[in-house]
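Trainee: Got a sequence here, can you model it:
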Amino acid sequence: MLVEDLRTVGDDALRTQICVIGSGPAGLTVATELAAAGLRVLVLESGGHEIATDDTAFTAIESIGAPRAEQHRIAGNRILGGSSHTWAGRCGVLDELDFATRPWVNRSGWPIDAGALRPFAERAAEHAGLGHGTGFTEHEFWPLARRRAPADALDTAVLRPCFWQISRDPADRFDCKRWGPQVRAIVAPTARVLLNATVTHIDTDTTGAHVNSVEVTGAGGRVRTVEARVFVLAAGGIATPRLLLASRRTVTGGIGNRYDQVGRYLMDHRCGVVATLRPAEAGAALDRFGKYVVRSARGRHTFLHGMALAPGLQRRESLVNCALWLQEVTADDDPWHSVKRMLGGRVRWQDLRIMLSDLGLLASGARRRLVDGVGLPHRLAEVEVRAMVEQTPDADSRVRLSRRTDPLGMPLPQVDWRTSAQEDRTVRRATALLVGEFARLGLPAPRVDPAALPGSTDPLPLTDWAHPSGTTRMSADPRHGVVDQHCRVHGVDNLYIAGSSVFPTNGHVNPTLTVIALAVRLADTLRAGLAATVDSSVARRN
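Mentor: Below you'll find the predicted structure:
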């Protein structure tokens, strides 16, 4: 895929069939899929190849709600590759219950079901640097891994097994996929990326029902115009509603905001350590709920084994979705850190000393990974029990426009993020169930954080996880959302949104794989729509 800079191209390069705003996983997936069909695609990226020294002035937010630990990431990564610059590669899929209307979860229910995304699973997995597009549930995982299910099964009436898969970068086996460095290697002769091209306004016709062009501002403040037949906004859960709200010259209140829905229902994942285990006692628990290496046509990929609340329990006790897992905290002198540096060409004499002092651990690790197909044994400082919980949709948890502006004069996003007592109650209940299951399975008892004990009123040790979503939610009714089931903005015939901002609910899993599956599905929708337009034009001429 050709990568250019806005400063170096002429105006003739600013006309295309499809304009994609944002070069993160969602935007580049849409562009790659459409280019494979021979369509002309232009991707606009606000940043460059590296994070600029003045980037904080552009990505700043005004936070007036619950405190956020990831303020520097919430507004997105202003760089080629977008959020993939900082993600950790952890992928999962939403549960069927996450798509359902749940009477005990406010504003729950998607206008599509889980089956609508399954046809796109394998294509999404390839884009995400995964080996498999399935395997995230117990009945799928053990056959996929060619293993027998453990004899000491969880009580699935309370906790069910769940799995995450870790992305791998094709150029670095020790890292998850980074889209930015891979862009030039994508075979897509009809797609181009323009760097340092910040979209500052979406221009519509006088009715607001059709986008004519977008304004892009480059270095020095020069404003230029990009024209296209179709526009896809893929700028992230904060920047996407910000741009819609700020595009208000013709449409009062912003584009797609007839019913005051843009920016509402901001969700994230709240995540944190709810209990711990000492390394000396954690061996059996890590063996039971640890890592597995699974082969695929695209190589070897690591799966993580966790536990999630059973759907029936969620219904009976009016809980939201929540998962728990064991997180190894490696010691500073873990020899596998030294091995990784050595293989990456960054070996130090201290690394040689550490490796030679623990050859037994390295030998057993090589056998475990290559023969047994499980995770490497590390020298550990601690083992954490972490929880990640779904958020309750709340119309007052939202993104507005601040009175403050960035260096280009655009209003900064004002973020009023809110949490709920339902989420806290869910985490405490899930933690207690894990402790009970460990006792039943004969595993050591985790030391629970006092705030995570049943009945505690202390603040839970949870923070946001830089997964902003929900701010342009999908709905069949425009009064309750921003996009329809095809991710088209209600009331605008050629504007679509890709990314987690379209999620009506966010489940307990990291959003990227679902985002990519939706992006592949959107590309198919756009390809079919453009083909139909061409066919009808030919028919009219004949």
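Trainee: Burial check on residue 166, number of neighbours?
Mentor: 17 (other CB atoms under 10 Å). No exception for glycine: its C-beta is placed from N, CA and C like everyone else's.
Trainee: who's it bridged to?
Mentor: Using DSSP bridges, the beta-bridge partners of residue 166 come out as residue 90.
Trainee: Could you pull up the residues touching it?
Mentor: Taking CB atoms under 8 Å, 6 or more residues apart in numbering, we find residue 166 in contact with 89, 90, 91, 176, 301, 302, 303, 304.
Trainee: Next one: it relative to residue 273, how far apart?
Mentor: 20 Å (CB to CB, to the nearest Å).
Trainee: what's the answer for residue 83, then?
Mentor: Applying CB to CB, the value for residue 83 to residue 273 is 24 Å.
Trainee: Which one's more surrounded, those two?
Mentor: residue 83 (25 against 16).
Trainee: Am I right that that one falls within a helix?
Mentor: Yes: using DSSP: H, G, I helix; E, B strand; the rest coil, the assignment for residue 83 is a helix.
Trainee: what helix or strand does the nearest residue to residue 406 once chain neighbours are set aside sit in?
Mentor: Once flanking residues are discounted, residue 406 sits nearest to residue 58: 5.1 Å by CB to CB, 6 or more residues apart in numbering. Applying DSSP states H and E as the criterion places residue 58 in helix 55-59.
Trainee: How about that helix, which residues are buried there?
Mentor: Of the residues in helix 55-59, 55, 58, 59 count as buried by neighbour count, 16 or more other CB atoms under 10 Å.
Trainee: Tell me the one among the residues you listed nearest to residue 133.
Mentor: Of all those, residue 59 has the smallest distance to residue 133: 31.9 Å, by CB to CB.
Trainee: follow-up on the earlier one: is it possible to get a markdown table of the contacts of residue 166 that adds distance to residue 435 and neighbour count?
Mentor: Output for the contacts of residue 166, formatted as a markdown table (distance: CB to CB, whole Å; neighbours: other CB atoms under 10 Å):
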| residue | distance to residue 435 | neighbour count |
| --- | --- | --- |
| 89 | 29 | 21 |
| 90 | 24 | 18 |
| 91 | 28 | 29 |
| 176 | 31 | 19 |
| 301 | 31 | 21 |
| 302 | 27 | 21 |
| 303 | 24 | 22 |
| 304 | 20 | 19 |
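Trainee: how near is residue 420 to residue 396?
Mentor: For residue 420, the distance to residue 396 - CB to CB - is 11 Å.
Trainee: now swap in residue 24 and tell me
Mentor: 27 Å.
Trainee: can you pull the contacts of residue 324?
Mentor: Neighbouring residues of residue 324 by CB under 8 Å, 6+ apart: 274, 306, 307, 308, 385, 386, 387, 388, 430, 431, 434.
Trainee: what's the pLDDT at it?
Mentor: Note for residue 324: predicted pLDDT of 98.
Trainee: Direction included, what does whichever strand or helix holds it pair up with?
Mentor: Residue 324 belongs to strand 322-330 when assigned by DSSP H and E. With DSSP bridges as the test, strand 322-330 is paired with strand 299-309 (antiparallel), strand 380-389 (antiparallel).
Trainee: Include distance to residue 406 when you put the buried residues of helix 55-59 into JSON lines, please.
Mentor: Output for these, formatted as JSON lines (distance: CB to CB, whole Å):
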{"residue": "55", "distance to residue 406": "11"}
{"residue": "58", "distance to residue 406": "5"}
{"residue": "59", "distance to residue 406": "8"}
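Trainee: ranges for the helices of the stretch 151-300 of the chain?
Mentor: Using DSSP state H, counting those that start in this stretch, the helices assigned to the stretch 151-300 of the chain run over residues 179-182, 239-246, 283-288.
Trainee: As JSON lines, these with mean pLDDT and mean neighbour count would be great.
Mentor: Below are these laid out as JSON lines (pLDDT from 0 to 100; neighbours: other CB atoms under 10 Å):
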{"stretch": "helix 179-182", "mean pLDDT": "94", "mean neighbour count": "21"}
{"stretch": "helix 239-246", "mean pLDDT": "98", "mean neighbour count": "27"}
{"stretch": "helix 283-288", "mean pLDDT": "93", "mean neighbour count": "16"}
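Trainee: Ok, which of those helices comes nearest residue 483?
Mentor: helix 239-246 (10.4 Å).
Trainee: mind checking how far that closest one is from the chain centre?
Mentor: Offset of helix 239-246 from its chain centre (CA atoms, centre = their mean, to the nearest Å): 19 Å.
Trainee: Which neighbouring elements make contact with that helix?
Mentor: strand 198-204, strand 230-233, strand 398-405, strand 411-416 (3 or more CB pairs under 8 Å, 6 or more residues apart in numbering; DSSP states H and E).
Trainee: what is the orientation angle of the first one with helix 239-246?
Mentor: Between strand 198-204 and helix 239-246, the angle comes out at 50 degrees (axes from the mean of the first three to the mean of the last three CA atoms, to 10 degrees).
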